[in-house]
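A.B. asks: predicted model and sequence follow; I will ask about them next.
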Number of protein chains: 2
Amino acid sequence: LEPYFEKIMKLQLALDLVDINGAKSILDEINDIIDIVEIGTPFIIKEGVRAIADIKQAYPFLEVLADVKIMDAGDHEARLVYDAGADIVTVLGAAANVTIQNVTKVARDYQKKVMVDMIAVEHIEQRAMQIDKMGVDYICVHTASDVQSQGKNPLEELKHLHAVLQNAKSAVAGGITPEMLQSIIPYQPEIVIVGSAITARQNKRKATIEFKKVMR
Amino acid sequence: LEPYFEKIMKLQLALDLVDINGAKSILDEINDIIDIVEIGTPFIIKEGVRAIADIKQAYPFLEVLADVKIMDAGDHEARLVYDAGADIVTVLGAAANVTIQNVTKVARDYQKKVMVDMIAVEHIEQRAMQIDKMGVDYICVHTASDVQSQGKNPLEELKHLHAVLQNAKSAVAGGITPEMLQSIIPYQPEIVIVGSAITARQNKRKATIEFKKVMR
């Protein structure tokens, strides 16, 4: 009847507009009710890999995703962030196949995980089918924040992804609110990624609990 | 007869596999014979924006390019690296138009420059024509290091780019050697980007001078 009740969905908190102290101040409020903490791209640009190391050390029970959006040098860049303590690394769906394959090889070596970010990929089904054969752990549909302001959200892309995935698990990101999550639930993504709908709220714990309530 | 003799081509040194001390040790050898120093993607992942700030402070007469390969949050990420002292920021050709436009707006605000990295873009001519209308400063054809190992180089893509550019200036990157530069010269790119052909050499000054000789 409601098969998704069986499924444990993970909540990933994306930390973008922070430095290390700002990240800790948010995590101190809600580390016990999220599953994965994302060191967002601008956060890594600001602080470098020490952001990954510091957050992993402070919250070792959380999975840490390093959103480096690898586009080249797959082997080297994946090692950099895994060595710093990341559990999951992101590579772009727009990258060359060999780059995604190189990142995946390193992930298997390290017994860690790789997420392919499909941001700005035009033909989601076609590209997801190719990538799904490469042994990646997650494929993430992701509406760019720059594109959200044009009124787009990731639900349509999630439907397309859901229709073709055979091996990888799905993730979804891009301006997700508790209301939007209601429509997302039937497609059972493994990971739901939330950023400003929690981080920009005054009461971050309350905002997180609103998502958790929809997830179960 | 040889119109490119009129043109001043710039040499950009890409620093990828270094930390701040390693970068300075290379730059101390050759800062007087390069034009632009690139803080490469893995260098920024490692050190964050302090890499940009430290290198700009140590060599204020060099242009500093921050190779952050922006894919989203164009406004915020461009400001981050310009505020740290970068003169040029990179955004991906694979990014959404609005992201490239947002980066370009910030570049104009700051009176700084933006380079669009066409890495992994399939239809170079078609995409370059679109991007060329957006008022960006440079469009760079770039063979990914992961793809170079499959025997590819950026010369063919440079020909395609050269054929369509009306406004932006061109740049070229991806495993360039002095020999390859001979074939590149007729297409008169504004910027030639060299990495390991200098940084992996024992005598980096000699290696740099080999490129400079081909450039004039």
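C.D. replies: Received, thanks. Numbering: from 1, shown residues only, chains lettered A, B, ... in the order given.
A.B. asks: near chain B, which residues of chain A? Just list them.
C.D. replies: Listed as neighbours of chain B in chain A under the rule CB under 8 Å from any CB of the partner chain: A:16-17, A:41-42, A:44-51, A:68-69, A:71-77, A:80-81, A:92, A:94-96, A:98-99, A:102, A:119-120, A:144-147, A:149-150. Placement of C-beta: from N, CA and C, glycine included.
A.B. asks: helix/strand/coil for residue A:156?
C.D. replies: Three-state call for residue A:156 (DSSP: H, G, I helix; E, B strand; the rest coil): helix.
A.B. asks: and the residue in chain A that chain B sits nearest to, what does it touch?
C.D. replies: At 3.3 Å from chain B, residue A:48 is the closest residue in chain A, using CB to the nearest CB. Shown in contact with residue A:48 (CB atoms under 8 Å, 6 or more residues apart in numbering or on different chains): B:44-48, B:50-51.
A.B. asks: which of these fall within helices?
C.D. replies: B:44-47, B:50-51 (DSSP state H).
A.B. asks: now do the buried residues in the longest helix along chain A.
C.D. replies: Longest helix in chain A, counting residues (DSSP H): helix A:97-110. Of the residues in helix A:97-110, A:98-107, A:110 count as buried by neighbour count, 16 or more other CB atoms under 10 Å in any protein chain shown.
A.B. asks: may I ask which two of the ones in helices among the contacts of residue A:48 are separated the most?
C.D. replies: Using CB to CB, the ones in helices among the contacts of residue A:48 span at most 12.6 Å, a distance reached by B:45 and B:50.
A.B. asks: low-confidence ranges, chain A, go.
C.D. replies: Within chain A, the ranges that satisfy pLDDT under 70 run A:1-7.
A.B. asks: mind doing that once more with 90?
C.D. replies: A:1-8, A:149-151, A:216 (pLDDT under 90).
A.B. asks: distance from the longest helix of chain A to the middle of the chain?
C.D. replies: Here the centre of mass of C-alpha atoms in helix A:97-110, compared against the chain's by CA atoms, centre = their mean, to the nearest Å, lies 17 Å away.
A.B. asks: which residues sit against it?
C.D. replies: Applying CB under 8 Å, 6+ apart, the set of residues contacting helix A:97-110 is A:70-75, A:77-79, A:82, A:89, A:91, A:93, A:113-114, A:116, A:130-131, A:134-137, B:120, B:144, B:146-147, B:149-150.
A.B. asks: and the residues you listed, which are buried?
C.D. replies: Buried members of those, counted by 16+ other CB under 10 Å: A:70-75, A:77-79, A:82, A:89, A:91, A:93, A:113-114, A:116, A:131, A:134, A:136-137, B:120, B:144, B:146-147.
A.B. asks: name the SS class of the closest residue to residue A:148 other than its chain neighbours, please.
C.D. replies: Nearest non-adjacent residue to residue A:148, counting by CB to CB, 6 or more residues apart in numbering or on different chains: residue A:175, 4.2 Å away. Put simply, residue A:175 is coil when judged by three-state DSSP.
A.B. asks: the most centrally placed residue in chain A sits in which helix or strand?
C.D. replies: Note on chain A: the residue nearest the mean C-alpha position is residue A:193, at 5.5 Å, using CA atoms, centre = their mean. In this structure, residue A:193 is located in strand A:191-194 according to DSSP states H and E.
A.B. asks: that strand - contacts with which helices or strands?
C.D. replies: Packing partners of strand A:191-194 (3 or more CB pairs under 8 Å, 6 or more residues apart in numbering or on different chains; DSSP states H and E): strand A:10-15, strand A:138-142, strand A:169-173, helix A:204-215.
A.B. asks: report the strands that pair with it, each with its relative direction.
C.D. replies: strand A:10-15 (parallel), strand A:169-173 (parallel) (DSSP bridges).
A.B. asks: kindly reformat these as CSV containing distance to residue B:189.
C.D. replies: Output for the strands paired with strand A:191-194, formatted as CSV (distance: least, CB to CB, whole Å):
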stretch, distance to residue B:189
strand A:10-15, 37
strand A:169-173, 36
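A.B. asks: adding mean neighbour count, write these out as JSON lines.
C.D. replies: Formatted as JSON lines, these follow (neighbours: other CB atoms under 10 Å in any protein chain shown):
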{"stretch": "strand A:10-15", "mean neighbour count": "22"}
{"stretch": "strand A:169-173", "mean neighbour count": "24"}
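A.B. asks: what is the neighbour count of residue A:69?
C.D. replies: Number of residues near residue A:69 (other CB atoms under 10 Å in any protein chain shown) recorded here: 25.
A.B. asks: by how many degrees do whichever strand or helix holds it and strand A:138-142 diverge?
C.D. replies: Using DSSP H and E, residue A:69 sits in strand A:63-70. In terms of direction (axes from the mean of the first three to the mean of the last three CA atoms, to 10 degrees), strand A:63-70 departs from strand A:138-142 by 70 degrees.
A.B. asks: and the helix or strand just after strand A:63-70, what does it pack against?
C.D. replies: Going down the chain from strand A:63-70, the next helix or strand is helix A:74-83, by DSSP H and E. When contacts are defined as 3+ CB pairs under 8 Å, 6+ apart, helix A:74-83 packs onto strand A:63-70, strand A:88-92, helix A:97-110, helix B:41-47.
A.B. asks: I'd like these as CSV, with distance to residue A:201 appended.
C.D. replies: Converted to CSV, the helices and strands packed on helix A:74-83 look like this (distance: least, CB to CB, whole Å):
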stretch, distance to residue A:201
strand A:63-70, 21
strand A:88-92, 25
helix A:97-110, 33
helix B:41-47, 29
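A.B. asks: among the ones you listed, which is nearest residue B:208?
C.D. replies: helix B:41-47 (18.5 Å).
A.B. asks: and the gap between residue A:36 and residue B:150?
C.D. replies: Distance of residue A:36 to residue B:150, computed by CB to CB, to the nearest Å: 34 Å.
A.B. asks: quick one: buried residues of stretch A:150-167?
C.D. replies: So for stretch A:150-167, counting by 16+ other CB under 10 Å, buried means A:153-155, A:157-162, A:165.
A.B. asks: may I ask which two of those residues are separated the most?
C.D. replies: Among these, the pair separated by the greatest distance (CB to CB) is A:153 and A:165, at 19.4 Å.
A.B. asks: quick check: beta-bridge partners of residue A:10?
C.D. replies: For residue A:10, the beta-bridge partners under DSSP bridges are residue A:191.
A.B. asks: surely it and residue A:194 touch.
C.D. replies: No: if you go by CB atoms under 8 Å, residue A:10 and residue A:194 don't touch, sitting 11.0 Å apart.
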